[in-house]
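[1] sequence first, then the predicted structure:
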Amino acid sequence: MLGLNGKDFRLFLIVCVMALAAPILLNPFPVDGALAQFNAGYPALMQAFAIFGILAIGFNILFGLTGYLSFGHAAFLGAGSYAAVWMYKLFNYNVIFAIPASIIVAGLLSVLIGYVSLRRSGIYFSILTLAFAQMMYAIAYSDLLGRFFGTPITNGETGLQVYNSDPQFLLAEGGLAEPHLFTLNLNNLTKIQFGGWEFTFEVGYYLCAIFLILSFYLSIRIFRSPFGMMLRAVKSNQNRMNYTGLDSKPYMLAAFVISGLYAGLAGGLMAAMDPLTGGERMFWTASGEIVLMSILGGAGTLIGPVLGAGAIKYMEKIVSALNDNILHGWFAWMPDGMENVAVAILHPFVGKGWHLTLGSVFMLVVIFLPGGIVEGGQRIGRLFGRKGATQTPTDATTTPAE
Amino acid sequence: MGILEVKGVNKRFGGLQALGDVNLSVEEGTVHAIIGPNGAGKSTLLNVLVGKLIPDSGSVMFDGQSVLGRKPFEINQMGISRVFQTPEIFADLTVMENIMIPCFAKRDGAFRMHAIESVGHEKGIIEQAEQMLADVNMLEKHEMVASSLSRGDKRRLEMAMCLVQDPKLLLLDEPTAGMARADTENTINLLKEIRTQRGITMAIIEHDMNVVFSLAERITVLAQGTPLVEDVPEKIKGHPKVREAYLGEAQV
């Protein structure tokens, strides 16, 4: 179906259902229940799942297939966001201008950075991409371009946003002043009550979800194509590849640019959800987060990066929202002394300390499940005697982080 | 006029004359061995042939075109395939994929952006690869990951990867180096099979005299970077200059 084999098509269907039914699936707990804080089905978080999912899928085409670890992918994300906001400023809030613009700008930037960085491999490639991304960050944060042209381009620390004085040539009188798709406001949402549950369906999320599905579909096609096979050949043995009559350079550059395009799309969607952006989107920690997502979920697998992105964003939003009061509530059944001890132990891991949780989980995964969450799933699947999900070499081989 | 013509090739590494005025002609349809004691310049010559090194002077013509200054992948596209001393294969990929990659390289050239087509739909390539695997008796192993193959099978796979491209010249760099006796015999038989079935022109760089004399139709002896003699195996065996070169080395 759709040019996919049976197994891939099933995986694709699962992703479609998960993406489209996310507002329901991610809200399993009643609104008034004690566990409601673990519900993830609210628009901002679901958007983050989809957007970072797209970002990680694209990153995985580079890192998972070729093994080249780019440490500067946030540069493309940021460039995409800036391009989108500029489209709002120049034309109007219709994302039909913004999103293609962000993809194109990120694509051009990735051709440039990729061309230079791919002259080296291994750690030197990583360092080059990191250096480029930090340069982009510095340029954006100090608005170097703006100073050169005499008008704000990235608007420095303030960040780029739309002002009333902007031209907005295509904005009709009284036109919509929020991101929209042909006047369909992306912030529109419908809440549906169902018993104790409440589900929120937002236009913006569904835009992200559709792009996530398309991105995922394209990624399956790339994984299963001769081109994808060549990328795995790059990772496996570049020497043999060159002596087999294949020029590895353009394959690498193509993979780099494809992942840059994905990052640009993600950046454009971020600006579509919230029409402003800033230099911090390009900071190296943002690049590092993409790497973490990919490895946590399972680099080189189809679904892994999406799961990794979801896991990290979930922890970021949910674990950081926990605090001592909530912990005391959980451990109220213990004797007082023990309750305080338990809270004291968990205290560093919640709230602002959510990074500690992330770090611990990451360490455990890398040590015990080098294939990431996907490997965990496969092991559980095998425990229950399910065959199948273990066979095909492409998505089942665990590819430990380089 | 041979398919491979090396004329007056010189290569210096600092004070060392690695290759001095090397002339060599490999006739189409023959197995040509290049032998010589350690340090004779065999590997340097091979690296010149595959584009890894550029000589200081001289010319290397393959099939009427110069190979000098071309990259390894371009030289392969001209029709030269290379087998390495230790098998160079795509260890993380399956045997089938290992064979399909050279098929794609042969059909589509050095680069093609076939990112949407499915590998599973490439019927022609799949048939070609399966035929090749059947020819080297590895068809039943097609789903195995190449790194899990035995050493002999890795060598066999690498040969198959070269052969499936139907090269005009197959370069072999000490194909039996470090092999046990049985493996060496197997490799010799494999090469003989290839020779009789496909008639591929081969140039072998080899240390092991047993291998050389059971395969080669012509032999060039290299010593200190210069060809000493070139002749048929029977003449080489008792040649005084060859003895001198090898025994001379042994006495040092």
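    Good, I have the coordinates. Numbering: from 1, shown residues only, chains lettered A, B, ... in the order given.

[2] counting neighbours, what do you get for residue 36?
    No chain in the question, so chain A it is. Burial of A:A36 is recorded as 15 neighbouring residues (other Cβ atoms under 10 Å in any protein chain shown). For the C-beta atoms, the positions are set from N, CA and C on the backbone; glycine is no exception.

[3] meant chain B actually
    Applying other Cβ under 10 Å, we find 25 residues neighbouring B:G36.

[4] what sits against B:K192?
    B:K192 sits next to B:S214, B:L215 when contact means Cβ atoms under 8 Å, 6 or more residues apart in numbering or on different chains.

[5] where's it relative to chain A, distance?
    Computed as Cβ to the nearest Cβ, to the nearest Å, the B:K192 to chain A distance reads 24 Å.

[6] mind listing what's buried in the helix or strand harbouring that residue?
    Using DSSP states H and E, B:K192 maps to helix B:181-198. For helix B:181-198, the neighbour count (16 or more other Cβ atoms under 10 Å in any protein chain shown) marks B:T184, B:N186, B:T187, B:I188, B:L190, B:L191, B:I194, B:R195 as buried.

[7] in JSON lines: these, plus pLDDT and distance to B:V60.
    Output for these, formatted as JSON lines (pLDDT from 0 to 100; distance: Cβ to Cβ, whole Å):
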{"residue": "B:T184", "pLDDT": "85", "distance to B:V60": "30"}
{"residue": "B:N186", "pLDDT": "84", "distance to B:V60": "32"}
{"residue": "B:T187", "pLDDT": "84", "distance to B:V60": "27"}
{"residue": "B:I188", "pLDDT": "88", "distance to B:V60": "28"}
{"residue": "B:L190", "pLDDT": "86", "distance to B:V60": "28"}
{"residue": "B:L191", "pLDDT": "88", "distance to B:V60": "24"}
{"residue": "B:I194", "pLDDT": "86", "distance to B:V60": "24"}
{"residue": "B:R195", "pLDDT": "87", "distance to B:V60": "24"}
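
[8] B:V211 reaches B:N186, doesn't it?
    No - judged on Cβ atoms under 8 Å, B:V211 makes no contact with B:N186 at a distance of 11.6 Å.

[9] so which residue is smack in the middle of chain A?
    A:F52 (1.6 Å; Cα atoms, centre = their mean).

[10] now that residue: closest residue in space that isn't a chain neighbour?
    Excluding the flanking residues, the one nearest A:F52 by Cβ to Cβ, 6 or more residues apart in numbering or on different chains is A:A309, at 3.9 Å.

[11] around chain B, which positions in chain A sit nearby?
    Proximity of chain A to chain B, by Cβ under 8 Å from any Cβ of the partner chain, involves residues A:3-5, A:221-222, A:224-230, A:232-233, A:235-237, A:239-248, A:250-251, A:254, A:258, A:393, A:397, A:399.

[12] if we can go back for a sec, so how far is chain B from the residue nearest to A:F52?
    Counting by Cβ to the nearest Cβ, the gap from A:A309 to chain B is 23 Å.

[13] correct me if wrong, but B:N76 is in a helix.
    Yes - residue state for B:N76 (DSSP: H, G, I helix; E, B strand; the rest coil) corresponds to a helix.

[14] what bridges to B:M61?
    B:E5, B:S66 (DSSP bridges).

[15] try A:L189
    Taking DSSP bridges as the rule, A:L189 bridges to A:E202.

[16] distance of it from chain B?
    In terms of Cβ to the nearest Cβ, A:L189 sits 35 Å off from chain B.

[17] what's the burial count for that residue?
    15.

[18] state the next helix or strand along the chain beyond the helix holding B:K192.
    Using DSSP H and E, the helix or strand that follows helix B:181-198 in sequence is strand B:201-205.

[19] angle of that next one against helix B:181-198?
    Relative orientation of strand B:201-205 versus helix B:181-198 (axes from the mean of the first three to the mean of the last three Cα atoms, to 10 degrees): 160 degrees.

[20] need the residues that contact strand B:201-205.
    B:3-4, B:26-35, B:42-43, B:45-46, B:49, B:168-175, B:191, B:195, B:211-212, B:215-216.

[21] follow-up on the earlier one: okay, the buried residues of helix B:181-198 in JSON lines with distance to A:F384 next?
    Formatted as JSON lines, the buried residues of helix B:181-198 follow (distance: Cβ to Cβ, whole Å):
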{"residue": "B:T184", "distance to A:F384": "49"}
{"residue": "B:N186", "distance to A:F384": "44"}
{"residue": "B:T187", "distance to A:F384": "46"}
{"residue": "B:I188", "distance to A:F384": "51"}
{"residue": "B:L190", "distance to A:F384": "45"}
{"residue": "B:L191", "distance to A:F384": "50"}
{"residue": "B:I194", "distance to A:F384": "49"}
{"residue": "B:R195", "distance to A:F384": "54"}
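
[22] what is the nearest of the residues you listed to A:Y93?
    A:Y93 has its nearest neighbour among these in B:I194, at 67.2 Å by Cβ to Cβ.

[23] and the closest one, what does it touch?
    Contacts of B:I194 (Cβ under 8 Å, 6+ apart): B:M159, B:L163, B:L170, B:I200.

[24] please apply the same query to B:A91.
    So B:A91 contacts A:S236, A:N237, B:V145, B:A146, B:S147 (Cβ under 8 Å, 6+ apart).

[25] the third one contacts B:L93, doesn't it?
    Yes - counting by Cβ under 8 Å, B:V145 touches B:L93, with 7.1 Å between them.

[26] compare the two (neighbour count), which wins?
    Shown here are B:V145 and B:L93; by other Cβ under 10 Å, B:L93 has more neighbours (24 against 16).

[27] that one is in contact with A:L231, isn't it?
    No - using Cβ under 8 Å as the test, B:L93 is too far from A:L231 to be in contact (11.1 Å).

[28] any idea how many residues pack against residue 149?
    This is for chain A. A:F149: 10 surrounding residues under other Cβ under 10 Å.

[29] nope, chain B please
    20.

[30] can you map out the strands along the stretch 101-250 of chain B?
    Assigned by DSSP state E, counting those that start in this stretch, the stretch 101-250 of chain B shows strands spanning B:169-173, B:201-205, B:218-223, B:226-231.

[31] could you export those as CSV, including mean pLDDT?
    Output for the strands of the stretch 101-250 of chain B, formatted as CSV (pLDDT from 0 to 100):
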stretch, mean pLDDT
strand B:169-173, 93
strand B:201-205, 93
strand B:218-223, 90
strand B:226-231, 87
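
[32] of the ones you listed, which is nearest A:L20?
    Closest among these, using Cβ to Cβ: strand B:169-173, at 54.8 Å.

[33] before we move on, the earlier item: relative to B:A91, how far out is the residue nearest to the centre of chain A?
    Computed as Cβ to Cβ, to the nearest Å, the A:F52 to B:A91 distance reads 33 Å.

[34] how about the contacts made by residue 72?
    In the absence of a named chain, this looks at chain A. Counting by Cβ under 8 Å, 6+ apart, A:G72 touches A:I113, A:S117, A:T129, A:L130, A:A131, A:F132, A:A133, A:Q134, A:M136, A:W284, A:S287.

[35] hmm, no, I was thinking of chain B.
    Contact analysis of B:P72 by Cβ under 8 Å, 6+ apart lists A:N242, A:Y243, B:V50, B:G51, B:K52.

[36] now do A:L118
    A:Y68, A:F125, A:K249, A:M252, A:L253, A:F256.

[37] now intersect those with the helices, please.
    Within the contacts of A:L118, residues falling in helices by DSSP state H are A:F125, A:K249, A:M252, A:L253, A:F256.

[38] run a quick neighbour tally on the second one.
    Spelled out, that is A:K249. As a burial measure, A:K249 scores 18 neighbours (other Cβ under 10 Å).

[39] can you check the third one too?
    A:M252: 22 surrounding residues under other Cβ under 10 Å.

[40] my read is that it contacts A:Y68, right?
    Yes - A:M252 lies in contact with A:Y68 (Cβ under 8 Å); the separation is 6.7 Å.

[41] so the spatially most central residue of chain B versus B:I205, what's the distance?
    Nearest to the mean C-alpha position of chain B, counting by Cα atoms, centre = their mean, stands B:L171 at 1.8 Å. Separation of B:L171 from B:I205 (Cβ to Cβ): 8 Å.
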